[in-house]
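Peer 1: A structural model of the following input is requested.
(chains A and B)
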Amino acid sequence: MTVETIRTTLRSALVLFSVFVLQVGLLDGLRIFGRAPEPLLVLAAAGGLVGGWWRGLRFGFVAGLLYDLVAGTPLGLAAFAYAVVAAAAGLLAGYTVRMWWLVPPFVALGLSVYVFAGEVVGQSHLFDDRFMVTLGVVEIWAAILAAPTLRLVRWAFNEATDVRAGSPSVRAGPPSVRALDRKSGL
Amino acid sequence: MAILQGRSRLTLVLLVLITVTLVTLDVRNVEPFEQAKNAAEGALGPVVSGAQRAGRPVVDAWEAITDYDDLKAENERLRAELDVERGRDLANASAAEVLQDYLAEAGIQYVTDIPSTTARVVRNLGNFPDFTVDVDKGSSAGVRTGMPAVTSAGLVGRVVDVSPGRSRVRLISDPEFELGVRLVGTDAVAVARGTGRGQPLVVSEGIGVSIPVHVGMLVTTSGIDRSVYPPDVPVGLVAEVAVDPGLNQVLFVQPAASLDSLNFVTILLYDSGL
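Peer 2: Model (predicted):
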């Protein structure tokens, strides 16, 4: 394990924990029409866009697990949805530019996967007649949170390239990630 | 799909397997897994409580701004209701007092001799609240799985998960929630089921047409053998009566406790012996 790996792991853990605290302590209370932002889901999508599918998948999985532990739904449900959306974002990131406005669509995908997976495992209360309201509010917040979250994730992943939120990007990241992505056909 | 080859396919399969395993273990309440989960939740509990306490002023300010119209409308509605109430025979008597009178008349001693602990309901997190609420008392306060949770009005639910400083209470409105009930004034004992948030409980079996039932009758816990609830805890009042094709009466019971606005609940430290 290199110093670089240890540093990015510690930074990632710090970012995950900080966003978790921010969500449960503050953002979850800032509700519009009774619906709250989902910053951990935004973080998962940003993790995929910045770190690629493999790193995003792990990042999203941990973010989802944190959410599962406080949301009351079966453990693993959000972990699955967040990991899928992060991996999907990571796959797309290999082919396109990385911009802040890519985050909200992936957040919408993550929320939908979460609800659909919940229906599959018997959590029928997740989908109700106010789902579109939930989606709308979560999307608005995702648009607001996307740019700072991308910045935060780039810091966590120790991205060396000068890529600002809202500007086009090339794939970057530590050599190990790029090598792994090459191996997996990206 | 060219982009999903070799290792990536394997990873996705592993992800699905891991999450399916986690969900299955959680839903089936497998003991070692539950212990590990409770330990993790217990570790995060103080973090969540501390963060919520720290963020409270900002959240309160936000709610004051965004909910101002709702609060104003609610206030006007309550004033109108108060005026109506004043004109009735039940003037000056709150719903809880009416219920207490009813209980006294029926000779019911409502949980006066059962030790209890009062807990604050912790704010529900996320956009998809289920039929549970978390409270800030746990095993360190003597709370154990299965114990009933009540308010001064009546039964709220049952403790389903406990960690040292926190418990999770499943509400009686949960469609999977069942409990034995008694129709006060009759010998009838039946099973009531939840039907969802804001909906009445339904008693669909065990009340034959020969049993006299009318709207407003009190329904309490049955207290029969092997019940996890102490006897005579108010559950609700009969709001509607129908008859099914099998000549059973179907009762729709309005819960006595207001389940949508819980701030505090009392956990009865009641050991059913099961």
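
Peer 1: next, work out how far apart whatever residue of the stretch 151-274 of chain B ends up closest to chain A and A:P105 are.
Peer 2: In the stretch 151-274 of chain B, the residue found nearest to chain A is B:R168; the distance is 6.9 Å by Cβ to the nearest Cβ. Every C-beta, even on glycine, is put in place using the N, C-alpha and C of the backbone. With distances defined as Cβ to Cβ, to the nearest Å, the gap from B:R168 to A:P105 amounts to 34 Å.

Peer 1: between these two, which is the more surrounded one?
Peer 2: More neighbours surround B:R168 than the other of B:R168 and A:P105, with 22 against 16 (other Cβ atoms under 10 Å in any protein chain shown).

Peer 1: can I assume the residue of the stretch 151-274 of chain B closest to chain A sits in a strand?
Peer 2: Yes. When classified by DSSP: H, G, I helix; E, B strand; the rest coil, B:R168 is found to be part of a strand.

Peer 1: now it: closest residue in space that isn't a chain neighbour?
Peer 2: With Cβ to Cβ, 6 or more residues apart in numbering or on different chains as the criterion, B:R168 has its nearest non-adjacent residue at 4.0 Å, and that residue is B:D161.

Peer 1: which helix or strand contains that neighbour?
Peer 2: Using DSSP states H and E, B:D161 sits in strand B:155-163.

Peer 1: run through who's touching that strand.
Peer 2: Outside of strand B:155-163, the residues that reach it under the criterion Cβ atoms under 8 Å, 6 or more residues apart in numbering or on different chains are B:34, B:38-39, B:41-42, B:45, B:132-133, B:138-139, B:143-150, B:167-172, B:174, B:177, B:179, B:221, B:228-229, B:233-235, B:255-257, B:259, B:262, B:265, B:267.

Peer 1: distance between it and the chain's centre?
Peer 2: The chain centroid and the centroid of strand B:155-163 are separated by 8 Å under Cα atoms, centre = their mean, to the nearest Å.

Peer 1: and that strand, what's its mean pLDDT?
Peer 2: Along strand B:155-163, the predicted confidence averages to a pLDDT of 89.

Peer 1: Provide the strand pairings for that strand, with the direction of each partner.
Peer 2: Looking at strand B:155-163 with DSSP bridges, its partner strands are strand B:148-150 (antiparallel), strand B:166-171 (antiparallel).

Peer 1: now the helices for chain A?
Peer 2: Defined through DSSP state H, the helices belonging to chain A, from first to last, are A:3-25, A:39-71, A:77-93, A:103-120, A:131-156, A:175-183.

Peer 1: a markdown table for those helices, including mean pLDDT and distance to B:L78?
Peer 2: Below are the helices of chain A laid out as a markdown table (pLDDT from 0 to 100; distance: least, Cβ to Cβ, whole Å):
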| stretch | mean pLDDT | distance to B:L78 |
| --- | --- | --- |
| helix A:3-25 | 92 | 31 |
| helix A:39-71 | 91 | 32 |
| helix A:77-93 | 89 | 38 |
| helix A:103-120 | 92 | 35 |
| helix A:131-156 | 93 | 26 |
| helix A:175-183 | 44 | 58 |
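
Peer 1: nearest to B:L251, out of those helices?
Peer 2: Among the helices of chain A, helix A:103-120 comes nearest to B:L251, with 30.5 Å by Cβ to Cβ.

Peer 1: how about residues contacting the closest one?
Peer 2: Identification of contacts with helix A:103-120 by Cβ under 8 Å, 6+ apart yields A:38, A:41-42, A:44-46, A:48-49, A:73, A:77-78, A:80-82, A:84-85, A:88-89, A:124, A:126-127, A:131, A:134-135, A:138-139, A:142-143, A:145-146, A:149-150, B:128.

Peer 1: swap in stretch B:260-268?
Peer 2: With Cβ under 8 Å, 6+ apart as the criterion, stretch B:260-268 contacts B:111, B:114-121, B:133, B:135, B:137, B:141, B:143, B:147-152, B:156, B:159, B:167, B:169, B:197-198, B:230, B:233.

Peer 1: what about the residues you listed, which are in strands?
Peer 2: Secondary structure assignment (DSSP state E) places B:116-121, B:133, B:135, B:148-150, B:156, B:159, B:167, B:169 from these within strands.

Peer 1: tell me which residues in the helix or strand hosting B:V47 are buried?
Peer 2: Using DSSP H and E, B:V47 falls within helix B:31-66. The neighbour-count check on helix B:31-66 (16 or more other Cβ atoms under 10 Å in any protein chain shown) flags B:33-34, B:37-38, B:40-42, B:44-45, B:48-49, B:51-52, B:55, B:59, B:62 as buried.

Peer 1: and those near chain A, which?
Peer 2: With the criterion set as Cβ under 8 Å from any Cβ of the partner chain, the members of the buried residues of helix B:31-66 near chain A are B:K37, B:A40, B:E41, B:L44, B:V48, B:A51, B:Q52, B:G55, B:V59, B:W62.
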